[in-house]
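Visitor: A structural model of the following input is requested.
(chains A and B)
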Number of protein chains: 2
Amino acid sequence: MTAGRRDSGEGKGGAAAPVDVVGTPVSRVDALDKVTGAAKYTGDLIVPGMLYGKVLRSPFPHARIICVDASAAERIPGVRAVLTGRDLADLDPYYGHAVRDRPVVAIDRVRFAGEPVAAVAADDEHTAHAALAAIQVEYQELPAVTDLTMALNDGAPRVHEEALRPGFLHSGEFRREEGNICYHYRIARGDAARAMAAADVVVEGDYTFPAVYQYAMEPHTVVAQWSADGLTVWACCQHPYLVRAELAGIFRLPQSAVRVIVPYVGGGFGSKSYTRMEPLTAALARKAGRPIRIANRVDEAMLTTRRHNMRCWLRTGVARDGRVVARECRIWLDTGAYADNGPRVALAAGDAAPGPYRWQAVAVDAWAVYTHMPPAGSYRAFGATHLQWIGESQIDVLAHRLGIDPVECRRRNLLRPGEEVRPGRKPLEADLAADVSKVAAAVGWGTPKPPLVGRGVSIGVMGAGANPASTAAVRMQADGTLVLLASTTEIGQGARTVLAQIAAQELALPLERIRVAGADTHVTPYDRSTGASRSTTVAGLAVQRAAADVREQLLDIASRVWGLPRVALRLHEGAVWHETESRSYADLIATHFGIAGGELIGRGEVAPGRGDGQAAGPVFWEISCGGAEVELDPSTGRIRVRRLASVADVGKAINPQLVEVQDEGACLQGLGNAFFEEMLFDGGQLINGSLLEYRVPTMADLPDEFHSILVGNGVGPGPYGAMGVGEGALAAVPGAIVNALLDLGLQMRDLPLTPERVWRRLREVE
Amino acid sequence: MTAGRRDSGEGKGGAAAPVDVVGTPVSRVDALDKVTGAAKYTGDLIVPGMLYGKVLRSPFPHARIICVDASAAERIPGVRAVLTGRDLADLDPYYGHAVRDRPVVAIDRVRFAGEPVAAVAADDEHTAHAALAAIQVEYQELPAVTDLTMALNDGAPRVHEEALRPGFLHSGEFRREEGNICYHYRIARGDAARAMAAADVVVEGDYTFPAVYQYAMEPHTVVAQWSADGLTVWACCQHPYLVRAELAGIFRLPQSAVRVIVPYVGGGFGSKSYTRMEPLTAALARKAGRPIRIANRVDEAMLTTRRHNMRCWLRTGVARDGRVVARECRIWLDTGAYADNGPRVALAAGDAAPGPYRWQAVAVDAWAVYTHMPPAGSYRAFGATHLQWIGESQIDVLAHRLGIDPVECRRRNLLRPGEEVRPGRKPLEADLAADVSKVAAAVGWGTPKPPLVGRGVSIGVMGAGANPASTAAVRMQADGTLVLLASTTEIGQGARTVLAQIAAQELALPLERIRVAGADTHVTPYDRSTGASRSTTVAGLAVQRAAADVREQLLDIASRVWGLPRVALRLHEGAVWHETESRSYADLIATHFGIAGGELIGRGEVAPGRGDGQAAGPVFWEISCGGAEVELDPSTGRIRVRRLASVADVGKAINPQLVEVQDEGACLQGLGNAFFEEMLFDGGQLINGSLLEYRVPTMADLPDEFHSILVGNGVGPGPYGAMGVGEGALAAVPGAIVNALLDLGLQMRDLPLTPERVWRRLREVE
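Guide: You can find the predicted model right below:
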């Protein structure tokens, strides 16, 4: 048990005896299902009467739709329905949790190449696909803004002419400006211009970050079915409750008439955040009067959401002694044709710009900008990944100029535990100086280097946990086994295992007596979302409280049965004990209900209204700390990673193995973002929409040495002092690599660091 | 609202303002689903990969199985598996909630004609059916006891040689005697022999009651599917949790690894109580490695369970002034080859024997007797229906002999409110004397009668509610709509509607904002069973408490938000009000969770451990009170019912219309039991296994006048003082009719009162 243990009822009389389930690298509870193929994903489902849907997509980045003629397609045998914008008349057809700007299918106008214009429901996939070609769409092509520069030009065509309607998750007004600005976030602390003028050394530069794709193994897949009772949707989504709320809004239904069921999910990384193919599938099922399945191809998934490409200008000023003085930053994020999560990404990018340092003044402007490009939204460690490598590279440039060791330079400036990160938000928990020293040591900092080998570190903090709003329930059954109900989705991160461990610990119950129900809004209680590293911390806390609630009931019953005060009782291995006497939970439940039946229901919630942090979050500051040692081949521009290290400040690792593999996965994805990944467009058209052309890291790209360093002070806001991880490393890796190249005298200002780009840069530097 | 309202939080500060949902005959919440065909029953389900199962049944009432050769059947194309007793070796293959005596399929021996010997799984029903004929079974026929007389003979063949193993719902030992006695229940109050000797007038007689079938519209249907996680069963069962417990026992699984889902059920009347075709279907699915559906035909359903045929000897003694003195009774119930619910039926029959009178002494023996006949179990108002007409007819015989009006004679002897019904159990709530006067008045008691018209009344009480053990949960969603989770099954009685009304009332919520989830042991909390008139009273109380739990949370939040004490707040139309100001539930939830999300979970339980009555029940005494006016056609023996009346003491009618139609249904079924229904056997073989040969009441059999009189003192143990109904009238009707014939001088001692039987009796009397 950890020092930071909370909410476990200790001192209230009768706590669970430690059974050491928490802190143990137990096997995943879904391991057997997954290795045997018994685990079902959305694409495995067959609903009786189900049809197959295919989507017709716009060939133009911007056009007026003059006419959609589906009559030929509708006459094809096996075609059951064709959905177009005309079928949305009785709906509230625009959705978007931040800005309600995205139509279920295009209405009158298309705004990016790949936008759904119509959808076909047919008896099989082949027929549906064939029918797409039979739909006649007459377009009037319009001038398009297919990059940030075009979109920001004076007099550029407007992507959206209408006033922006806030989505249900957007709090506050849009500070809408002229042109194609979707959202503007600003930080103004102190007088940055004056402070900058007083700095001894100043560095500034322009930087770019490419559009990248989350590349989950399973593309977006949805099955939708209507009944008299409402709408049921099976979807590989990360946020079932947010999807439900949007579907209820679109179809004008009470939320309880919409049921979102999430089977196992084949990875998300943000691509399955918020609402994706669910409205279109539901609208097509409504029109067809039959259940529909739509499964995106990879290229369609890439056109559904992606990470923002970005332009950034950054200036940093420091004093001669290495103390940081001022930072100014301007960020333009290409959010594509629809806002998606652009406003939050702009906010996170803006927050990441200063880095975790003690500035005299900061001025940051971050804009999410509409373009006629595919929409961009969430991707693991959004904002932080965009900005951290830039801010951290300027720290190194300045340290090198001043002749100060980059790690030492950071130690002098890093925020300390308890210091303010963002005005009015919760203070920092982590010991960043210690963390950066750890990764530095892990990559050999200060030891001799072979030629062409460089080392770099990178550190940042990111607001995590989204909002502190989760609920959970546990049901102790008559035989003392437990059904755990939580709406965290199992997206491969091991959430079901970790939540089961928490309940097992609270109830001193062997893990195998716990069954975790899959997320299903009709069944599993509200959870804000699966993302923002929040499941263990926030959903886990709700589960811990729900389990503790049952524990209290068991102790109450045992106390009545024995006529003993609760302090005389303890829980161990599925029984309540008094000295050497015990009664199993099953026995206590049978006694309480008077027959061999009954159950105890425990509920748990995390809510600002009960004192759980600030409504707007963050729940905690996730640290993002990495170190790299790289070797450069100047003849090819190829970079080999010799050592990679990251620190994950997990507070308390509920399952150390799962934490490690998540951290490793984030590092690997960080390598992808740093070295390879980039969605390529030509005039708004995606040109590398498959694994053949879109390069992700392979086993051959792994570093020679990898260190995932778990630290934990047990002071996280989660159960047992846990704190979320799994995103930070992704944001840290590109910066560590860029700084390792700086250590070799090579300053990179554009990602990815492809051999060609590095080779060309080497030629410029020489 | 009623005076007896309880548990509604009144006086605790802030109760729901009455919205008059409770007490209102609102339309059924499932009406639209049912009239449009959207309501899905188990037989409507198609699980991907599902096979169809058919059962091979024994042709002999008693035989040793020498050999089952399924090889020819297995070779038939499309046949996927054949299950026989040999496949049960690794299971605990005997089940039975009272006695674990029934094998999943016959093992070595068959004990009734129609017992499952093997089951075939095939791609379609036709193939499965054809394959049955290809299974070679070699039997050694053995002597059988196919009626009570044969079974009770000295030296009769034993149906079960082995010691009886109590089922998980049987409390206490079997007082097993010699021979074929399955269970013996005895009441011995006072010295009955001595009291009887002192009585002024004594009447005695032998009586019989036939085997009858519950005849639900939907025969037993089950779909079973195995996965790595365990067993899922869709079944039209009344008691999902008891079925789950038995399946877990048979297949040696934790209860949480078995999921029992109950879609809409097409009637039960007891035929779907406890475990039926679920184990066999699950065992066949296990062998086939595929999902299986088995749907009984009507004749197969009749061989699966039925109402006990009975022999009874009864003697009643009274004093000259009409005061009852003593009663002696012996009851033999034919429980068939397996105990099924025989022990409880014997107990209920025994309890019904004395009737609700103030005796000096009572001696009752009731035996459940094994025979080589199809098993008998629950059927609406079991035990009471068997005995009440007999006891009540002796009251009338004695009243006639003493020249006392039968209603007046009852008034002198009926137990009064607060008096003991059964030693140690809860006292009587109802005013029986008032009730019997009401039905008498309704059938014209005391007014002149035309020739050949007779009138009779009948009254009794039956222990109802089974055990006070139910749980429920409600989930208030972010938009203020409610999901209600309870495991009462919707078997046509309107349970979903009544439970929704209770939640609506507690939460001052419009009914249309409530969705009631279907029973599903993975989702909906424990409920002991749907039967014994308990759903409104016991499950309803759990729902009321769960809803009140959410109400308290809403008031807490509102109290914090406004900074006002809770007494200043009230609930009305989905909002909390302070004077003229209001905040909707959705708004309060959003405030509590800090975002447009969250939910409030309420839980409720009914358990003896929290003071809810006695573990062994009954929860309440359901009254069974009817009156009839009949007209006899002596030339044919046909009886026409001119007027029929019943009193349902409902405490407080949550939905008066649903109560009335349930009471009417029970009366109609009472007419069936009185006049027509009888399963006919020849040497243990059922010979009237279809609607063509098994006569149930039709519209033509309805009485000319029908009065369903709802009374209610609001003192029932259920929500708002409600008390269960729906069974009593069935037990009352045969007695009222038999007594109306007695009024014409015709004493009937055997049911049903077919024209032939009445005609023959008329000839004997003349």
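
Visitor: Just give the number of residues close to A:Arg86.
Guide: 12 (other CB atoms under 10 Å in any protein chain shown). Where you see a C-beta, it was placed from the backbone N, CA and C, and this is true even at glycine.

Visitor: my guess is it meets A:Val68, correct?
Guide: Yes. At 7.5 Å, A:Arg86 and A:Val68 qualify as touching, with contact defined as CB atoms under 8 Å.

Visitor: So which elements touch the longest helix along chain A?
Guide: The longest helix of chain A (DSSP state H) is helix A:540-562. The contact analysis (3 or more CB pairs under 8 Å, 6 or more residues apart in numbering or on different chains; DSSP states H and E) places helix A:540-562 against strand A:470-476, strand A:482-486, helix A:495-507, strand A:570-572, strand A:575-578, helix A:585-593, strand A:600-606.

Visitor: to the chain's geometric centre, what's the distance from that helix?
Guide: Relative to its chain's centre, helix A:540-562 lies at 33 Å (CA atoms, centre = their mean, to the nearest Å).

Visitor: Next, the angle from that helix to helix A:585-593.
Guide: 70 degrees (axes from the mean of the first three to the mean of the last three CA atoms, to 10 degrees).

Visitor: if I read this right, A:Asp206 contacts A:Arg311, doesn't it?
Guide: Yes. Applying CB under 8 Å, one finds A:Asp206 in contact with A:Arg311, separated by 7.1 Å.

Visitor: More neighbours: the two, which one.
Guide: Neighbour totals were compared for A:Asp206 and A:Arg311, and A:Arg311 leads with 19 against 12 (other CB under 10 Å).

Visitor: Doesn't the more buried one lie inside a helix?
Guide: No. Assigned with DSSP: H, G, I helix; E, B strand; the rest coil, A:Arg311 falls outside any helix and is strand.

Visitor: Identify the residues contacting it.
Guide: A:Arg311 makes contacts with A:Leu148, A:Asp206, A:Tyr207, A:Thr208, A:Ile331, A:Trp332, as judged by CB atoms under 8 Å, 6 or more residues apart in numbering or on different chains.

Visitor: can we see that at 10 Å?
Guide: A:Arg311 makes contact with A:147-149, A:152, A:206-209, A:330-334, A:367, A:369, according to CB atoms under 10 Å, 6 or more residues apart in numbering or on different chains.

Visitor: looking at the residues you listed, which has the most residues close by?
Guide: A:Leu333 (31 neighbours).

Visitor: Please report the distance of the residue located most distally from the centre of chain A from chain B.
Guide: Using CA atoms, centre = their mean, the residue of chain A lying farthest from its centre is A:Gly563. It sits 50.1 Å away. Using CB to the nearest CB, to the nearest Å, A:Gly563 is found at 14 Å from chain B.

Visitor: What pLDDT does the model give that residue?
Guide: On pLDDT, A:Gly563 comes in at 96.

Visitor: Pull up the gap between it and A:Leu569, please.
Guide: Here A:Gly563 is placed at a distance of 11 Å from A:Leu569 (CB to CB, to the nearest Å).

Visitor: Kindly report the same for A:Gly716.
Guide: 29 Å.

Visitor: Neighbour count: the two, which is higher?
Guide: Shown here are A:Gly716 and A:Leu569; by other CB under 10 Å, A:Gly716 has more neighbours (29 against 22).

Visitor: Identify the residues contacting that one.
Guide: By CB under 10 Å, 6+ apart, the neighbours of A:Gly716 are A:2, A:4, A:6, A:429-430, A:465, A:536-537, A:541, A:619-620, A:622, A:649-652, A:722-725.

Visitor: A:Asp556 touches B:Gly609, doesn't it?
Guide: Yes. Using CB atoms under 10 Å, A:Asp556 makes contact with B:Gly609 at a distance of 9.1 Å.

Visitor: In terms of neighbours, single out the busier of those two.
Guide: Each of A:Asp556 and B:Gly609 has its neighbours counted (other CB under 10 Å); B:Gly609 has more, 22 against 18.

Visitor: So A:Trp332 belongs to a strand, correct?
Guide: Yes. According to three-state DSSP, A:Trp332 belongs to a strand.

Visitor: Kindly provide the distance from the spatially closest residue to it that is not a sequence neighbour to chain B.
Guide: Using CB to CB, 6 or more residues apart in numbering or on different chains and skipping the chain neighbours, the partner closest in space to A:Trp332 is A:Arg311 (4.6 Å). Distance of A:Arg311 to chain B, computed by CB to the nearest CB: 31 Å.

Visitor: Let me know the pLDDT of A:Arg311.
Guide: 98.

Visitor: How about stretch A:580-593 and chain B, any contact?
Guide: Yes. On the criterion CB under 10 Å from any CB of the partner chain, stretch A:580-593 is in touch with chain B at A:Ala586, A:Leu588, A:Ile589, A:Ala590, A:Thr591, A:His592, A:Phe593.

Visitor: Only whichever of the contacts of A:Gly716 are buried, select them in PyMOL.
Guide: A single PyMOL command selects the buried members of the contacts of A:Gly716 (16 or more other CB atoms under 10 Å in any protein chain shown):
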select buried, chain A and resi 2+4+6+429+430+465+536+537+541+619+620+622+649+650+651+652+722+723+724+725
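
Visitor: Can you pull the residues of the stretch 101-250 of chain A lying near chain B?
Guide: So far as CB under 10 Å from any CB goes, the stretch 101-250 of chain A lies against chain B at A:167-171, A:226-230, A:239, A:241-242, A:244-245, A:248-249.

Visitor: how about 7 Å then?
Guide: Within the stretch 101-250 of chain A, the positions lying close to chain B (CB under 7 Å from any CB of the partner chain) are A:Phe168, A:Leu169, A:Ser227, A:Ala228, A:Asp229, A:Tyr241, A:Ala245.

Visitor: can you count the residues close to A:His160?
Guide: 17.

Visitor: Report the contact partners of it.
Guide: A:His160 is in contact with A:Asp101, A:Tyr370, counting by CB atoms under 7 Å, 6 or more residues apart in numbering or on different chains.

Visitor: Confirm that it sits in a strand.
Guide: No. Read with three-state DSSP, A:His160 is coil and lies in no strand.

Visitor: Can you verify my assumption that A:Ala384 contacts A:Val461?
Guide: No. The criterion here is CB atoms under 7 Å, and A:Ala384 misses it with A:Val461 at 8.3 Å.

Visitor: Touching both of these two, which residues are there?
Guide: Taking CB under 7 Å, 6+ apart as the contact rule, A:Ala384 and A:Val461 both touch A:Ser624.

Visitor: Can you tell me which of the helices and strands packed on helix A:540-562 is most buried?
Guide: strand A:470-476 (a mean of 31; mean count of other CB atoms under 10 Å in any protein chain shown).

Visitor: How about residues contacting it?
Guide: Contacts of strand A:470-476 (CB under 7 Å, 6+ apart): A:482-486, A:503, A:525-528, A:538-539, A:542-543, A:546-547, A:550, A:585, A:589, A:599-606, B:525, B:598-599, B:601.

Visitor: Alpha carbons of stretch A:21-36, in PDB - could you do that?
Guide: What follows is stretch A:21-36 as a C-alpha-only set of coordinates in PDB (Å, rounded to 0.1, in the frame of the first residue of the first chain):
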ATOM      1  CA  VAL A  21      -3.500  -7.100  -6.100                       C
ATOM      2  CA  VAL A  22      -2.800  -3.400  -6.600                       C
ATOM      3  CA  GLY A  23       0.800  -2.900  -7.600                       C
ATOM      4  CA  THR A  24       1.000  -6.300  -9.100                       C
ATOM      5  CA  PRO A  25       1.600  -7.000 -12.800                       C
ATOM      6  CA  VAL A  26      -1.300  -9.500 -13.100                       C
ATOM      7  CA  SER A  27      -2.200 -10.800 -16.500                       C
ATOM      8  CA  ARG A  28      -4.900  -8.900 -18.400                       C
ATOM      9  CA  VAL A  29      -8.400 -10.100 -17.600                       C
ATOM     10  CA  ASP A  30      -9.100 -10.000 -21.300                       C
ATOM     11  CA  ALA A  31      -6.000 -11.900 -22.400                       C
ATOM     12  CA  LEU A  32      -7.700 -15.200 -23.000                       C
ATOM     13  CA  ASP A  33     -10.500 -13.700 -25.000                       C
ATOM     14  CA  LYS A  34      -8.000 -11.800 -27.100                       C
ATOM     15  CA  VAL A  35      -5.500 -14.500 -27.800                       C
ATOM     16  CA  THR A  36      -8.300 -17.000 -28.600                       C
END
